[in-house]
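Generate a structure from the sequence data that follows.
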Amino acid sequence: LVSQASHAVQGYAVGWILVLTSGLHAAGVFAAASSIVQLANPFVQGAGNAMTPLLSKRRARGGTELLVSATRKFTKLAGVAAIVYVATMWIAGPLTLRIIYGDDYAGLALVLLTLSLALAVAALALVPTKVISVMHYPHVNCGLNVLTMLLTLSLSAWLASLNGIQGAATGLLIAASI
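You can find the predicted model right below:
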């Protein structure tokens, strides 16, 4: 419960931080940019859901050695997917944002790139968190989720107060990276 709640707070907190630090308009612009970046989220979640049984099977069949091998393969795959995703967002993200929300949302290329990097980092983190789950250490994932939530709250609040929407996005990226 704590793990899932802290993960959910991360998803909503940055918007509220922006309301408090930069105003409602900034939060709306951030939400629009986030909605474009999150178009990949179903694929990330689907890959994560498929990974757990595959890693469990590897561990059951070959122990730690086969689990480590599978982890390396999944990490490489996730890395390639993350690079393709970030490149796609860098190239098509600003145009997609303007097509869907209008020309008022032009000029957010750096915000989109920062948010897509944060999502890519989160996608890469799925592999080790799934391995931790397969190894039956849910308390470790819970601790990591709580730590990431606290970092997201503090870094996004601090950086949003200095640099608005881009600061909030940067705080999210740094927290995800740590």
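
Quick check, central residue of the protein?
Compute the mean C-alpha point of the chain, and by C-alpha atoms, centre = their mean the closest residue is Leu119, 3.1 Å away.

Kindly spell out which helices and strands sit in contact with the top helix by length along the chain.
Counting residues, the longest helix found in the chain (DSSP state H) is helix 41-101. Secondary-structure packing of helix 41-101 (3 or more C-beta pairs under 8 Å, 6 or more residues apart in numbering; DSSP states H and E): helix 24-37, helix 109-134. Where C-beta positions appear, they are placed from N, C-alpha and C, glycine not excepted.

show me what contacts Ala50?
Listed by C-beta atoms under 8 Å, 6 or more residues apart in numbering, Ala50 has no contact partners.

Pick the most buried one from the helices and strands packed on helix 41-101.
Most buried of those by mean neighbour count (mean count of other C-beta atoms under 10 Å) is helix 109-134; its value is a mean of 20.

Now the very next helix or strand once past that helix: buried residues?
Downstream of helix 109-134, the next assigned helix or strand under DSSP states H and E is helix 138-177. Residues of helix 138-177 classed as buried: 141-142, 144-146, 148-149, 151-153, 155-157, 159-160, 164-176 (neighbour count, 16 or more other C-beta atoms under 10 Å).

What is helix 138-177 packed up against?
Using 3+ C-beta pairs under 8 Å, 6+ apart, helix 138-177 sits against helix 2-22, helix 24-37, helix 109-134.

Turn those helices into a markdown table, columns for mean pLDDT and distance to Thr88.
Formatted as a markdown table, the helices and strands packed on helix 138-177 follow (pLDDT from 0 to 100; distance: least, C-beta to C-beta, whole Å):
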| stretch | mean pLDDT | distance to Thr88 |
| --- | --- | --- |
| helix 2-22 | 90 | 22 |
| helix 24-37 | 94 | 11 |
| helix 109-134 | 91 | 8 |
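
Of all the ones you listed, which one comes closest to Trp90?
helix 109-134 (5.4 Å; C-beta to C-beta).

right, and the helices and strands packed on helix 138-177 - which one's nearest Ile100?
helix 24-37 (7.1 Å).

Using CSV, list the CA coordinates for the closest one.
Output of helix 24-37 as CSV, limited to C-alpha atoms (Å, rounded to 0.1, in the frame of the first residue of the first chain):
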residue,chain,number,x,y,z
LEU,A,24,-2.7,27.3,-12.4
HIS,A,25,-1.7,28.1,-16.0
ALA,A,26,1.8,26.6,-15.5
ALA,A,27,0.2,23.4,-14.1
GLY,A,28,-2.1,23.2,-17.1
VAL,A,29,0.8,23.6,-19.5
PHE,A,30,2.8,20.9,-17.6
ALA,A,31,-0.2,18.6,-17.7
ALA,A,32,-0.5,19.1,-21.5
ALA,A,33,3.2,18.3,-22.0
SER,A,34,2.9,15.3,-19.7
SER,A,35,0.0,13.9,-21.6
ILE,A,36,2.0,13.8,-24.8
VAL,A,37,5.0,12.1,-23.0
